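J.: Task: produce atomic coordinates for the following.
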Amino acid sequence: MKAIAFKVRLNSLYSIRIPFTWQSALTYPVLPPSAVIGMFANALQRYKNDRNPLDYLNLVEENIIWAGSRLLTPCLIKSYTTSAITKWEDHIGAKFTNALGRQFAFTKTLEIAGIFKDDTLINELVEALITSPLTCGDSESAISLENKPEDMIKEVEKVDDLESIVTNYPFPFTNDIEISEGKGLLYLMHERCKPSEKNFPLTLYLVPIEEKERILFPTSVTIQIVKKNSESPKEVFKIQDIGYVLKSQFKNRRTKAKIKKRKKN
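T.: The predicted structure follows:
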């Protein structure tokens, strides 16, 4: 089990739309897990160019254990009004456009990381990322890698005996977590690109950032993990040169609950 981690420089404004904000088009300040997975799959497909893009998305989702991103520099978010063309033909005097609000963000540098089961896939992904055009959110927001290929692959250790950790990365925010130090903002995020069966839930994440005078600054958060029945509902990983990250185990717990329910029926 290894991780891939790298820094990216933003070359323009970016907008990663929060799913349920169609009219206002609010943006995340960082890439949610689903956007990181999409970036990896897109890079692999462009690099190999021999299979359907969805095949590479399936490959990444089957092998990825955790994905996330964080701010390394302050971030500014502004709202703008955009004009969207709604139709191309109509009678004279008809309305052809619709004014919609949209947020755009800008920061200098982001850090992106992912933990994988397959070491071979990580090696291919490094080659794909350094040779493929990459974007942050929409196709207009080009980004550049700042790391050398040999510095992108990291060792990963799963940690089971810690009750308190410090993290810089977004994590699922649930009632089994107590924050003893630090600040953050809450966002609803997709953890995967593809739905599981008919479910495609948004998970509440706490992003370690602090707002000062309308500017978002990266921070860290100290977390106390509350254990129930001597088991933690979170998996903790330590990534080389990155630090601790948290992954929810609620997906497995939901699956077990479904099995128990079926047995009762």
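J.: can you confirm Phe40 is in a helix?
T.: Yes. Assessed with DSSP: H, G, I helix; E, B strand; the rest coil, Phe40 lies in a helix.
J.: Got phi/psi on the closest residue to it other than its chain neighbours?
T.: Spatial nearest neighbour of Phe40, chain neighbours left out: Val60 (4.9 Å); criterion: C-beta to C-beta, 6 or more residues apart in numbering. C-betas here are computed from N, CA, C, even on glycine. Dihedral pair for Val60: phi -70, psi -40, per degrees, to the nearest 10.
J.: Same question for Pro53.
T.: Dihedral angles (degrees, to the nearest 10) for Pro53: phi -50, psi -30.
J.: The one 5 residues further on now?
T.: According to degrees, to the nearest 10, the main-chain angles of Asn58 amount to phi -60, psi -40.
J.: Off-centre distance for stretch 58-74?
T.: Its chain's average C-alpha position is 5 Å from that of stretch 58-74, according to C-alpha atoms, centre = their mean, to the nearest Å.
J.: Stretch 42-59 too?
T.: Distance, centroid of stretch 42-59 to centroid of chain: 19 Å (C-alpha atoms, centre = their mean).
J.: residues in contact with it?
T.: Contacts to stretch 42-59, defined as C-beta atoms under 8 Å, 6 or more residues apart in numbering, come from residues 37-38, 41, 60, 121, 124-125, 127-129, 131-134, 193-194.
J.: need the contact list for the residue nearest to Phe40.
T.: Neighbours of Val60 in contact, by C-beta under 8 Å, 6+ apart: 37, 40-41, 44, 121.
J.: likewise Cys136?
T.: 8, 10, 14, 16, 31, 110, 143.
J.: Next, find the distance separating it from Pro170.
T.: For Cys136, the distance to Pro170 (C-beta to C-beta, to the nearest Å) stands at 16 Å.
J.: same thing with Ala105?
T.: 15 Å.
J.: Tyr80 now?
T.: 25 Å.
J.: quick one, which of those two is more surrounded?
T.: Neighbour count, other C-beta atoms under 10 Å: between Tyr80 and Pro170, Pro170 has more, with 28 against 12.
J.: What backbone torsions are found at the more buried one?
T.: Given degrees, to the nearest 10, the pair of backbone angles that Pro170 has is phi -60, psi 150.
J.: Also Ala43?
T.: Per degrees, to the nearest 10, the backbone of Ala43 is at phi -60, psi -40.
J.: which of the residues in the helix or strand harbouring Glu124 are buried?
T.: Element membership for Glu124, per DSSP states H and E: helix 119-131. For helix 119-131, the neighbour count (16 or more other C-beta atoms under 10 Å) marks 121-122, 125-126, 128-130 as buried.
J.: ditto for stretch 235-245
T.: Buried-residue list, stretch 235-245, by 16+ other C-beta under 10 Å: 235-239, 242, 244-245.
J.: Can you pick out the most distant pair from those?
T.: Glu235 and Ile242 (15.5 Å; C-beta to C-beta).
J.: Go ahead and name everything in contact with stretch 8-19.
T.: Taking C-beta under 8 Å, 6+ apart as the rule, stretch 8-19 contacts 25-28, 31-32, 35, 102-112, 134, 136-138, 140-146, 187-188, 190, 202.
J.: low-scoring pLDDT stretches of the stretch 151-265 of the chain, where are they?
T.: When residues are selected by pLDDT under 70, those of the stretch 151-265 of the chain lie in 227-233, 249-265.
J.: Show me the strands in it, by range?
T.: 153-159, 164-167, 171-172, 177-181, 185-189, 203-207, 209-212, 215-218, 221-225, 234-239, 243-248 (DSSP state E, counting those that start in this stretch).
J.: got these as JSON lines, with distance to Ile85 columns?
T.: Shown next, in JSON lines, are the strands of the stretch 151-265 of the chain (distance: least, C-beta to C-beta, whole Å):
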{"stretch": "strand 153-159", "distance to Ile85": "45"}
{"stretch": "strand 164-167", "distance to Ile85": "43"}
{"stretch": "strand 171-172", "distance to Ile85": "39"}
{"stretch": "strand 177-181", "distance to Ile85": "45"}
{"stretch": "strand 185-189", "distance to Ile85": "29"}
{"stretch": "strand 203-207", "distance to Ile85": "34"}
{"stretch": "strand 209-212", "distance to Ile85": "34"}
{"stretch": "strand 215-218", "distance to Ile85": "32"}
{"stretch": "strand 221-225", "distance to Ile85": "43"}
{"stretch": "strand 234-239", "distance to Ile85": "44"}
{"stretch": "strand 243-248", "distance to Ile85": "41"}
